[in-house]
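*Asks:* Fold the following for me, if possible:
(one chain, ligands or ions: 1)
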Amino acid sequence: MTVAKTSRHHNRDSELAILHERTQALNLYEFWSANNETEHEATNNLQKFTKAVPHIWKYADVFPCLEKAGELIDMYDSERRSLIMCNPALEGQIATTTTMFAAYRINNPNEIAPAHRHSPNAIRFGLTGSTNFTGVEGEDITFGFGDLVLTPHDTWHNHGNEGEGGAVNLSVLDMPLVNTLNATYFEHDYFEEDEKGEKILKDVQEARFPNDYSQRVYGNGGLLPRSESHHRGTGDASPMYVYRWEPTRQALENLRDRDGSLYDGVLVEYVDPTTGQAPYSTMTFFAQMLRPGEATLASKQNASLIYTVIEGSGHSIIGGRRFDWNPFDTFCVPGGEWVEHANGSPSNDAILFVSSDEPALKALRFYMRHGRTPEGDLAVIS
Ligand SMILES: [Fe+2]
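*Replies:* All right, here's what the predicted structure looks like:
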C-alpha cells in the first residue's frame, strides 16, 4: 500500500536530520530504510560487514623477507619470529580470513623459543628443512616437509630448530575467531617441579613422552590403544600431535584410481583418532590431490579456507578471479566465495594443504556448501 504523501509530517526531512543528530550522540543505529525504492534496504544494511577477499601470498616474494628477519631478529630480541599473512580487506586486523591467520615461520639453526601456552589452537606444517622442532606437552617432535604438528589450546609448546640447516614451516591459528569470542589468553611462565617438589621456571620442557609417541599410539588406523590415556591436557582436541607426510601422501595415492570428488579431487581429512572428527572444534585440515590435468567444478561454502601448495602448480578461480600458484604459495578462499581449482600439468600431481574453519560453522549449525553440477545447476553438497 502506498502511503499518501499528505499523511507525512510536513517538516519530515528537517526533523529526521535533528533525530539523526540525537541518535548519533547516543550511539544508536537507525534501523530503517532511508530510501524505500531499494528493496529490503534496512535488512540488507544489517548484513554489511568487512569481509575478507581472495588473495595469494607468493612464497618467492615472502621468503627473502623471512630470511632477512632470520638475520635481524634472534631469540633474545623476540621469543617468536613469523610473518603473518594479513588479508588486504581486513585492514588493521591480524587475520588471513575473518576466523584464522596463517604465517610463515623461519627457524634458525639450533634455536629453541621459550615455552608458552594459549587458548587459540595452532598447527605447524613443515615446508623446508628436516629439523623443525616443536615440543608439545612433553612430546618432542622433530619434523620436516609435509609433517603436520598440532599445538592444541592450553598445551605448553616450544618451537625451534634442532639442526644446522634452515627450517621453514607454516603456522595456522584460529586466533581471529577466538579474539572475536573474547576467549584469548596467553601464559608465558613455564614451571617444572624439581626433585624436592619446588617449582622451577624453565624455558624448555622436559621430555615426558617418547619422541615417536603420537606415531606409536595413533599411527595405526583402526586400532586404538585402551591402555593409554588419551587425555593429554586438553581433553577435547586430538591427542595425536603429529601426522607424518609419508602416510598422508600414501593415503592420497591409495585413492588415485577412485573417481574422487567433482568439487575436491582426492581429499583426505586429518582427524582425531579417538573420535574420527576434526582435530579441533574450531579448525580442520585436509590434504588434497588434483591428479594430472584434473579440474574441479565450482563450489562455495560459508567456511573459510586457507590453501598452501605442497607439490605441483596450477590455478584457482576464486570469486571470478584467477590465481596461479606454485609450491609453498598460500591463498585464501573467504567463506561465501565461489572457487574451482585446476592442475595444469599433464604429468604431475598438484597437492594442497587446506585449513578450514568448517568445524566452528558446523558446531554452530551454520555450515552450508553448494556446487554447480556438470549441467550448471545449483546443488547442495553434503
Ligand atoms: Fe604458541
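
*Asks:* all helices for the stretch 151-300 of the chain, in order.
*Replies:* Counting by DSSP state H, counting those that start in this stretch, one finds helices in the stretch 151-300 of the chain at the ranges 175-180, 213-218, 245-254.

*Asks:* pLDDT below threshold where in the stretch 1-150 of the chain?
*Replies:* Flagging of the stretch 1-150 of the chain using pLDDT under 70 yields the residue ranges 1-8.

*Asks:* what about the strands in it?
*Replies:* 55-57, 82-84, 101-107, 117-118, 122-128, 132-136, 139-143, 148-151 (DSSP state E, counting those that start in this stretch).

*Asks:* re earlier: quick one, which of the helices of the stretch 151-300 of the chain gets closest to Phe145.
*Replies:* helix 245-254 (6.2 Å; Cβ to Cβ). To be clear about C-beta, it is placed using only N, CA and C from the backbone, and glycine gets the same treatment.

*Asks:* What angle do strand 139-143 and the closest one make with each other?
*Replies:* With axes from the mean of the first three to the mean of the last three Cα atoms, to 10 degrees as the basis, helix 245-254 and strand 139-143 are set at 60 degrees to each other.

*Asks:* how many other residues sit next to the residue lying closest to Tyr280 once chain neighbours are set aside?
*Replies:* Nearest non-adjacent residue to Tyr280, counting by Cβ to Cβ, 6 or more residues apart in numbering: Asn121, 4.5 Å away. By the criterion of other Cβ atoms under 10 Å, Asn121 has 26 neighbours.

*Asks:* ok so, going back, now the strands of the stretch 1-150 of the chain as JSON lines including mean neighbour count and distance to Val217?
*Replies:* Shown next, in JSON lines, are the strands of the stretch 1-150 of the chain (neighbours: other Cβ atoms under 10 Å; distance: least, Cβ to Cβ, whole Å):
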{"stretch": "strand 55-57", "mean neighbour count": "19", "distance to Val217": "36"}
{"stretch": "strand 82-84", "mean neighbour count": "17", "distance to Val217": "30"}
{"stretch": "strand 101-107", "mean neighbour count": "25", "distance to Val217": "26"}
{"stretch": "strand 117-118", "mean neighbour count": "20", "distance to Val217": "22"}
{"stretch": "strand 122-128", "mean neighbour count": "23", "distance to Val217": "19"}
{"stretch": "strand 132-136", "mean neighbour count": "26", "distance to Val217": "14"}
{"stretch": "strand 139-143", "mean neighbour count": "22", "distance to Val217": "10"}
{"stretch": "strand 148-151", "mean neighbour count": "26", "distance to Val217": "14"}
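
*Asks:* Tabulate those strands (TSV), appending distance to Ser356.
*Replies:* Output for the strands of the stretch 1-150 of the chain, formatted as TSV (distance: least, Cβ to Cβ, whole Å):
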stretch	distance to Ser356
strand 55-57	17
strand 82-84	18
strand 101-107	12
strand 117-118	21
strand 122-128	12
strand 132-136	22
strand 139-143	21
strand 148-151	14
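
*Asks:* send the alpha carbons of stretch 117-135 over as PDB?
*Replies:* What follows is stretch 117-135, C-alpha atoms only, in PDB (Å, rounded to 0.1, in the frame of the first residue of the first chain):
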ATOM      1  CA  ARG A 117      50.600 -21.700  26.000                       C
ATOM      2  CA  HIS A 118      47.400 -20.100  25.000                       C
ATOM      3  CA  SER A 119      43.700 -20.600  24.300                       C
ATOM      4  CA  PRO A 120      43.900 -20.400  20.400                       C
ATOM      5  CA  ASN A 121      44.500 -23.700  18.600                       C
ATOM      6  CA  ALA A 122      47.500 -23.800  16.300                       C
ATOM      7  CA  ILE A 123      49.300 -26.100  13.900                       C
ATOM      8  CA  ARG A 124      52.700 -26.200  12.200                       C
ATOM      9  CA  PHE A 125      53.200 -27.700   8.800                       C
ATOM     10  CA  GLY A 126      56.800 -28.400   7.700                       C
ATOM     11  CA  LEU A 127      57.900 -26.800   4.400                       C
ATOM     12  CA  THR A 128      61.700 -26.800   4.200                       C
ATOM     13  CA  GLY A 129      64.400 -28.500   6.200                       C
ATOM     14  CA  SER A 130      64.100 -31.700   8.200                       C
ATOM     15  CA  THR A 131      64.900 -30.400  11.700                       C
ATOM     16  CA  ASN A 132      61.900 -28.100  12.600                       C
ATOM     17  CA  PHE A 133      61.100 -28.700  16.200                       C
ATOM     18  CA  THR A 134      58.000 -28.400  18.400                       C
ATOM     19  CA  GLY A 135      57.900 -29.700  21.900                       C
END
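
*Asks:* Report the distance from that stretch to the chain centre.
*Replies:* 13 Å (Cα atoms, centre = their mean, to the nearest Å).

*Asks:* just stretch 114-125 next, same as before
*Replies:* Taking mean C-alpha positions (Cα atoms, centre = their mean), stretch 114-125 and its chain are 13 Å apart.

*Asks:* per the record, what domains does the protein have?
*Replies:* For the chain, the structural domains run 5-46, 55-380, going by automatic domain parsing.

*Asks:* from the ones you listed, which stretch is densest packed?
*Replies:* Counting by mean count of other Cβ atoms under 10 Å, domain 55-380 has the highest mean neighbour count of these, with a mean of 18.

*Asks:* got the contact list for Asp357?
*Replies:* Asp357 sits next to Thr97, Thr99, Met100, Asp174, Leu177, Thr282, Met283, Ala303, Ser304, Gly335 when contact means Cβ atoms under 8 Å, 6 or more residues apart in numbering.

*Asks:* Distance-wise, check the closest residue to it other than its chain neighbours relative to Glu162.
*Replies:* Nearest non-adjacent residue to Asp357, counting by Cβ to Cβ, 6+ apart: Thr99, 4.3 Å away. Distance from Thr99 to Glu162, counting by Cβ to Cβ, to the nearest Å: 32 Å.
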